[in-house]
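Colleague: Build me a model from this:
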Amino acid sequence: MKASRREFLKATGASSLSFMLGGAYSLRVLAQSQGAMVQHEYAGWENFHRNQWSWDKKTRGAHLINCTGACPHHVYTKDGVVLREEASKDMAPMPGLPEYNPRGCNKGVCGVDYQYGPHRIKYPLIRVGERGEGKWRRASWDEALEMIADKIVDTIKNEAPDCISVFSPVPAVAPVSFSAGHRFAHYIGAHTHTFFDWYGDHPTGQTQTCGVQFDTAETADWFNAKLIVVWGANPSITRIPDAHYLSEAALNGTKIVSIAPDYNASSIKADQWLHPKPGTDGALALAMAHVIIKENLFDVHGMKEQTDLPYLVRKDNKRFLRESDVVANGSTGKFYAWDMKTGKAVIMKGSWGDEPAQKGPPVAFMGRNTHTFPKGYIDLGNLDPALEGTYKVQLKDGSTVEVQPVFDILKPRIMSQHTPEKAAAITGVSAKVIVQLARDFATAKPAMIIMGGAANHWYYSDVILRDLHLLTALTGNEGKNGGGLNHYIGQAKVPLLPGLAALSFPEGAGKHRFCQTTIWTYVHAEVNDEMLNVQIDTNKYLRQSIATKQMPLLPANGRDPKVFIVYRGNWLNQAKGQKYVLRNLWPKLELIVDINIRMDSTALYSDIVLPSAHWYEKTDLNVTEEHTFINMTEPAIKPMWESKTDWQIFQALAKKVEDAARRKKFEKYNDEQFKWVRDLTNLWNQMTMDGKLADDEAAAQFILDSAPQSKGITLQMLREKPQRFKGNWTSPMKEGIPYTPFQNYVVDKKPWPTLTGRQQFYLDHDTFFDMGLELPTYKAPIDADKFPFRFNTPHSRYAIHSTFKDNVQMLRLQRGGPSVEISPADAKARGINDNDWVEVWNDHGKVICRVKVRKGEQSGRVSMWHTPELYMDLIEGSTQSLCPVRINPTSLVGNYGHLVFRPNYYGPGGVQRDTRVDIKRYIGATPMPL
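Modeller: The predicted model follows:
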């Protein structure tokens, strides 16, 4: 007898249908249902395993979560039931390099578990208890959407459109779904949120130095390196599909050095492990720079051509010498170097005040578009800029001023303050080891730094990155295959960005309200960051930044947000300052809507929950920075239960807003900010381009067609196999060669998109002077929390942020729930034994969970895999309960050349690693063991 899909669901219990692995019926389901076992037609387990590899449909699948993998899969279906997923193994190889195939991880093969698992949201739900209490009633789509639409129209009418807030993370993993809510917000006038910076994934120091949002080498390029320093990264845990390139590079002769406080899964594979004290990375990097400078191991030509190190700085006011200082009506965006051949100050070509003959359109991920400059524009030619010395220049008023190159300021500081011996005292790494590593890094050609979130989540993470960029600049490693500073933090890079923008912001990004999420949370959750304990007045810098429109705060004019729509993400679970959010921000929100595939922590604390289609039930695209192929997913089955795709949900909501606007006689309103008369009765036509984009496939193809990087690629081509991008961000795509960034500037010698037109290490802005950060330097971790232990929140091997945290298969591979890790010495001193319940606390909140005594953990620090769901094995709190929202004033700068607010390009973000806590054995009531 051949079971139909309906009969299958009925037999296994539709309300409790669990995980599917293989065969017409899953072992995991059968283990829970004796009734299904009785109905099973097979004679024994042998036939079950024989038949689990048969199917009647094979489709493309991708896991639309922020994992950076973008792993192409095939999804196998039989009788309308998804059996399993499997790596497709069809990414085209590059000659002489290890393949990307097969590509996947332990979590990806559990993708189907969320499709049929107990956490799946099946129907629209409306809260009947308190937020977080978990009491719901089932609702129809009409009822739920009408409630949301009524509140949207009332809020626009009675408050303001920017009181409506829409959040969704990372467009790269699912650009169609991402665009759905953003296009809706775009047309009603609501604001959408940044996410890259909020999660702490934005490498602010790269924007400061290079003038780009985020660009990095695809991981196949690791194989081309002669030396790889894995610095504050753990690819074996967080980059599972790509970690093999480290091992293969090592087999090819590459030396691997791991720099991490703990002995982690990547350190095991390294030739050398350095374990500095947490947060002292900058001291280590600058000590390496000391050795490179002292022993003349630096690339002189590269420093003169590719960096601002020869640019002249006035000794009287510490500012760059600008053309406006020297020439009447001169530019404030043109800068000088001292030409040793002519003995004169000369303007360096390609800086901010220099325009190409053909000016290009603005580019979202760059400080400015320098790609239309001709090749060779910043080539030095006969110019020989000085790196050291003091010179005199006559100003336009006839007076003279002494000037010196940036390097002449930086070098004495490094030589006196950052010796290997001083760094050894700070970091705990011996001076001899530092010296040898510096020599190795400078002489290996090419040498690469792989950086991750561990180094990027500190309060002073921006200057840590600038320190690391200094190493690659001194040694001439940027813009070369196998070299450079490559950070792998999140999955934010969207190579087909023009297509995404065209779908998300059809009237142009200039007519869209973008909210800076860190600022939004800090202000509306009324966070106490305790930074006055270390003499940093966050509010002073924040007030100044907002008042001068350097950074945005929405809603405008001091209003509170009223409606919060979250889709494709778990905002509350990821929110730093979680205690402040629940206590102060949540009561201000009159309606919280969550749209997702599962009941996560944000859904639990929402008012209305809408069921979204699973990754294998919709059409979408999937890209990453870690490889250069476009992947897709398509429906293996129709959306289950009453779920809908995100693209269809926001279209349906648009229809309901039209109805509500007519019913409430508020059909149009004048949006004065954008001089836009918005017609709320025409939303569906606007959402769908008069029906042309009514289905998900049309939206996906629209993205591909609207980006030069993907134009000509069709969904049918993607069904056949993943397709490589035709273009990229800051380097050309080359056949058979891995992408590496910045070749437009290093090889083609076009200006860098910074204020100075070079890799910029001197930032002559008041805020950077105030903070002592005008040059690369070392800043110790802040100790605003007066507690003995540093608190570390790394990513887990068994989850992607909060996704899969509650997955049974992943929990079986570990301890079955969240735990805090502590060193044996610290555990013994506090009378803590392995697997005890412990309380970890500070002035911001607490978390009570089990403890793991781990030999690899450093004394003086405790670690907890970040963001377990609030309903998991926790007596109280979560990792985010302990972390406030902390804003570095330098990230509030928005009026300095390439440092300007754009969503996810520049702005403050997550800096949770400076948090300090205390820990003790918990002696209160605990759950009974099973």
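Colleague: check which helix or strand covers the residue lying closest to residue 844 once chain neighbours are set aside.
Modeller: Nearest non-adjacent residue to residue 844, counting by Cβ to Cβ, 6 or more residues apart in numbering: residue 884, 5.0 Å away. (Glycine included, C-beta is placed from N, CA and C.) Residue 884 belongs to no helix or strand when assigned by DSSP states H and E.
Colleague: Next one: residue 884, what pLDDT does it get?
Modeller: The model reports residue 884 with a pLDDT of 96.
Colleague: Who does residue 404 form a beta bridge with?
Modeller: Beta bridges link residue 404 to residue 313, judged by DSSP bridges.
Colleague: Residue 163 and residue 564 touch, don't they?
Modeller: No: the pair residue 163 and residue 564 does not pass the contact test of Cβ atoms under 8 Å, sitting 9.9 Å apart.
Colleague: what's the offset of stretch 580-599 from the middle of its chain?
Modeller: Stretch 580-599 sits 22 Å away from the centroid of its parent chain (Cα atoms, centre = their mean, to the nearest Å).
Colleague: Then stretch 531-544?
Modeller: Worked out by Cα atoms, centre = their mean, stretch 531-544 lies 26 Å from the chain centre.
Colleague: Use 775 as the first number from now on
Modeller: Got it, first residue is 775 now, which makes that one stretch 1305-1318.
Colleague: Contacts made by that stretch with the rest, please.
Modeller: Surrounding stretch 1305-1318, the residues in contact under the criterion Cβ atoms under 8 Å, 6 or more residues apart in numbering are 1293, 1296-1297, 1303, 1324-1325, 1541, 1556-1560, 1660-1661, 1663, 1666.
Colleague: taking those residues one by one, which sit in strands?
Modeller: Judged by DSSP state E, the contacts of stretch 1305-1318 include no members of strands.
Colleague: And the furthest pair within those residues?
Modeller: 1324 and 1560 (31.7 Å; Cβ to Cβ).
Colleague: Distance check, residue 992 against residue 1077.
Modeller: Applying Cβ to Cβ, to the nearest Å, the value for residue 992 to residue 1077 is 27 Å.
Colleague: Next: residue 909.
Modeller: With Cβ to Cβ as the criterion, residue 909 and residue 1077 are 64 Å apart.
Colleague: So if I had to pick from these two, which one is more boxed in?
Modeller: residue 1077 (23 against 10; other Cβ atoms under 10 Å).
Colleague: Show me the strands in the stretch 975-1124 of the chain, by range?
Modeller: 1001-1005, 1029-1033, 1046-1048, 1086-1088, 1110-1113, 1118-1121 (DSSP state E, counting those that start in this stretch).
Colleague: what's the most buried one of these?
Modeller: Highest mean neighbour count of the strands of the stretch 975-1124 of the chain: strand 1001-1005, a mean of 27 (counted as mean count of other Cβ atoms under 10 Å).
Colleague: Run me through the strand neighbours of that strand, direction for each.
Modeller: Here, using DSSP bridges, strand 1001-1005 pairs with strand 1029-1033 (parallel), strand 1221-1225 (parallel).
Colleague: contact partners of the first one?
Modeller: Translated: strand 1029-1033. With Cβ under 8 Å, 6+ apart, strand 1029-1033 has contacts from 1000-1006, 1020, 1023-1024, 1038, 1040-1041, 1043-1050, 1055, 1058, 1211, 1214, 1218.
Colleague: 7 Å instead, please
Modeller: 1001-1006, 1020, 1024, 1040-1041, 1043-1048, 1050, 1211, 1214 (Cβ atoms under 7 Å, 6 or more residues apart in numbering).
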